[in-house]
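Enquirer: I'll drop the sequence and a predicted model, then ask my questions.
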Amino acid sequence: MTDSRFKDNGERIYDFVFKYNILIECPHCMKCAKGIRKMESKFGFILQCKRCGVLSDPMIGTWGNGMFMGFNLWLRTNCCGNLLWAYNKEHLEFMDGYINSSLRERIPNKNQSLASRFPDWIKSGKNRDELSKGITKLRKRLEICE
């Protein structure tokens, strides 16, 4: 554990989904692909895989819990008996900052922030070592993708 401070600035999950590309496991070649937001559609995304050339029609659907628009996220691993996942590098960095901080400061009355919405198993200090190992695994997957 580092001697660091995490300050909740009110980031929401939407900040990581709509500002950055989503890293998805390509259903054709099983390599890292991107979910890219279509500018003309607020919620529409396309799947683009530079390895096998797949380019999907605009996708609209649900996301969360290790999935995005019906596809597995690239950054996902089993951890603490649960699924640890991130949409992209920026989301992973946010979680790493939260998990490995010695002091976590929250904005009062901000129940919509991502930090306030983490499940108890991520918030628990007893899982910090295993969560750090999970973050390291996801970083290695991220290196393959870049």
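Expert: It's in. Residues are numbered from 1 along each chain as shown.

Enquirer: going forward, measure contacts between C-alpha atoms and count neighbours the same way
Expert: Will do.

Enquirer: beta partners for the residue positioned nearest the centre of the chain?
Expert: The centroid of the chain falls nearest to Ala86 when counting by C-alpha atoms, centre = their mean (1.7 Å). According to DSSP bridges, the residues that bridge with Ala86 are Leu75.

Enquirer: can you list the residues that contact the helix or strand containing Ser132?
Expert: If you go by DSSP states H and E, Ser132 is part of helix 128-145. Outside helix 128-145, the residues that touch it by C-alpha atoms under 8 Å, 6 or more residues apart in numbering are 1, 31-33, 74-80, 84, 89, 92, 96, 99-100, 122.

Enquirer: try stretch 50-64
Expert: 28-29, 31, 33, 38, 43-49, 68-70.

Enquirer: Could you rerun that using 7 Å?
Expert: With C-alpha atoms under 7 Å, 6 or more residues apart in numbering as the contact definition, stretch 50-64 has outside contacts at Cys29, Ala33, Phe43, Gly44, Phe45, Ile46, Leu47, Gln48, Cys49, Phe68, Met69.

Enquirer: Identify each buried residue in it, please.
Expert: Val54, Met59 (16 or more other C-alpha atoms under 10 Å).

Enquirer: Please apply the same query to stretch 15-31.
Expert: Phe16, Val17, Tyr20, Asn21, Ile22, Leu23, Ile24, Glu25, Cys26, Lys31.

Enquirer: JSON lines for those residues, including pLDDT and secondary structure?
Expert: Shown next, in JSON lines, are the buried residues of stretch 15-31 (pLDDT from 0 to 100; DSSP: H, G, I helix; E, B strand; the rest coil):
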{"residue": "Phe16", "pLDDT": "89", "secondary structure": "helix"}
{"residue": "Val17", "pLDDT": "87", "secondary structure": "helix"}
{"residue": "Tyr20", "pLDDT": "90", "secondary structure": "coil"}
{"residue": "Asn21", "pLDDT": "90", "secondary structure": "coil"}
{"residue": "Ile22", "pLDDT": "92", "secondary structure": "strand"}
{"residue": "Leu23", "pLDDT": "95", "secondary structure": "strand"}
{"residue": "Ile24", "pLDDT": "93", "secondary structure": "strand"}
{"residue": "Glu25", "pLDDT": "93", "secondary structure": "strand"}
{"residue": "Cys26", "pLDDT": "92", "secondary structure": "coil"}
{"residue": "Lys31", "pLDDT": "93", "secondary structure": "coil"}
